[in-house]
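**Student:** 3D model of this:
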Amino acid sequence: QVQLVESGGGLVQSGGSLRLSCALSGRTSKRYAMSWFRQAPGKERTLVASISWSGSTTRYADSVKGRFTISRDNAENTVYLQMNSLKPEDTATYYCAAHSSFSSPTLYDYRGQGTQVTVSS
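**Tutor:** Take a look at the predicted model:
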């Protein structure tokens, strides 16, 4: 079993920044790719960004390219999402997920409980 705990969410003004963290614990010996998803009230969950286990490959949704950066520190078992130039439409609950295949983030093995991000205009 792997546990994922997100942190770093909060309330920020439009144009501001936040850094989300996702801490992995438990049986972390497997080399998981990691992703961040988000879900706003009444909307479907969408993929925000993914990163391979080595960190050498990343992928972003078009809506966040150039503003968000995903990274990871495997020694600390932590994945990050740096969010800059935030917009009100970024408001959502953000989840991190661990998945075996980088190309299949929606087929995740584990997912955290989420952290709320609210961007005021």
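**Student:** host element of the residue positioned nearest the centre of the chain?
**Tutor:** In the chain, the centroid-proximal residue (C-alpha atoms, centre = their mean) is residue 36; its distance is 2.5 Å. Assignment of secondary structure by DSSP states H and E places residue 36 within strand 33-39.
**Student:** show me how far that strand is from its chain's centre.
**Tutor:** 4 Å (C-alpha atoms, centre = their mean, to the nearest Å).
**Student:** so residue 117 touches residue 94, yeah?
**Tutor:** Yes - using C-beta atoms under 8 Å, residue 117 and residue 94 qualify as a contacting pair, with a distance of 5.6 Å. Every C-beta, even on glycine, is put in place using the N, C-alpha and C of the backbone.
**Student:** any common contacting residues for these two?
**Tutor:** Counting by C-beta atoms under 8 Å, 6 or more residues apart in numbering, the shared contacts of residue 117 and residue 94 are 9, 20, 38.
**Student:** and residue 113, how many neighbours does it have?
**Tutor:** Neighbourhood size, residue 113 [other C-beta atoms under 10 Å]: 11.
**Student:** quick check: it is in a strand.
**Tutor:** No - inclusion of residue 113 in a strand is not indicated when DSSP: H, G, I helix; E, B strand; the rest coil is applied; the result is coil.
**Student:** that one and residue 4, how far apart?
**Tutor:** Spatial separation of residue 113 from residue 4 under the definition C-beta to C-beta, to the nearest Å is 8 Å.
**Student:** I'd guessed the residue nearest to the centre of the chain sits against residue 48; true?
**Tutor:** Yes - assessed by C-beta under 8 Å, residue 36 is found in contact with residue 48 at 4.4 Å.
**Student:** now do the shared contacts for those two.
**Tutor:** Common neighbours of residue 36 and residue 48, using C-beta under 8 Å, 6+ apart, are 70, 81, 94.
**Student:** pick the one among those residues closest to residue 29.
**Tutor:** Comparing the shared contacts of residue 36 and residue 48 against residue 29 with C-beta to C-beta places residue 70 closest, at 21.7 Å.
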